[in-house]
Structure formats: C-alpha cells, structure tokens
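**Q** Requesting a structural model of the entry that follows:
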Amino acid sequence: EDEASREESSSATPMWKSFLERADEKETPHHTQEETYKNAPEEVPGTPDSHPDLFGETTHRDDPGGVAGKAGDSESDLLARWLKKDEKRYMKRLFKNSRTAYLQALTDLTIFDDWKSAAGYLEREIFAKNNVDLFSETAVDFTDKLHSFFIKFKS
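**A** Model prediction:
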C-alpha cells in the first residue's frame, strides 16, 4: 500500500520536478569540501592506492557489467562505474570539462541517503552553479541515471 502510493505520487510528478519541490531548501551534504581533504588519507604519488580503479576496467565473473565493484570500493566508486558509459558527455555538458568537479560531485552525492536530498543538492550545487538547463537532454539523462542508482543501491 505504501509503495503503491509512492508510485502514484512519483508518476504524477515528473522526476525533474521532484527536486524543485523540496521541503528543506537549505539541506546540504554533512561535510564540506575542506573536511573531505582534511580527512582523506595521505597519498604517495606512484603507489597503487593513489589512483584507485574508479571506472571498473576489470570486471568480475558474477558482475559482467562491472558495477558491483570490489571489496573496499566506496559508494562514489560504484556511482562512477554506474555513470561510466556517458561520463565524457556528463563532464563536458554539465561540469565544463572538469574531471575534478565531476568526481567531487559524485562523492558529494553519495553522502545522501535518500533521493530527495540528493536531488536538491544536484539542482542547487551542480546544475545552478554550472548554469545547466534542467530540461536539457544531458541533465535529464544524468538525473535519471542518478535516480536509478539511488533506487538500486540506497533504497
């Protein structure tokens, strides 16, 4: 019954509009970019761990798509693999060709435990700050892929 009412309300409201109708407009991730770098372990250039396999070049027998990841992978690694197919297009059209901004956004988005919070962040901190048209094909595609990620891995 609860699921049916959710499906009914989600079909009545387009996905792109769901993040515009937020209850708490000021919700942000529970960290700052500065804290991310302060708390990150020191990396030694050239060591195998300094550049983890973020994009699943190796696949697993039980995961032919390479999405499930390896033990110890972070959620942002998993999300990066989830979006890998269209990564270049997303970086070019949504992040002004900045790989750093793209990867930071993925890290920030995975902090949220629910789609509603992540969608608000997506609109305010990514689309608005990068002057992205919410109705562009790429923005809608990116939003849909993120939403499916949240349904599969965060629900």
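**Q** what element comes up after the lowest-mean-pLDDT helix or strand in the chain heading to the C-terminus?
**A** Across the helices and strands of the chain, mean confidence by mean pLDDT, DSSP states H and E is lowest for helix 33-39: a mean of 47. The C-terminal neighbour of helix 33-39 among helices and strands, as given by DSSP states H and E, is helix 75-83.
**Q** any idea which helix is longest in this protein?
**A** Using DSSP state H to assign secondary structure, the helix with the most residues in the chain is helix 137-154.
**Q** Helix 75-83 and that one, what's the angle between them?
**A** 130 degrees (axes from the mean of the first three to the mean of the last three Cα atoms, to 10 degrees).
**Q** Please work out the average pLDDT along helix 137-154.
**A** Mean pLDDT, computed over helix 137-154, is 95.
**Q** Who are the packing partners of that helix?
**A** With contacts defined as 3 or more Cβ pairs under 8 Å, 6 or more residues apart in numbering; DSSP states H and E, helix 137-154 has these neighbours: helix 15-18, helix 75-83, helix 87-94, helix 115-121. (Glycine included, C-beta is placed from N, CA and C.)
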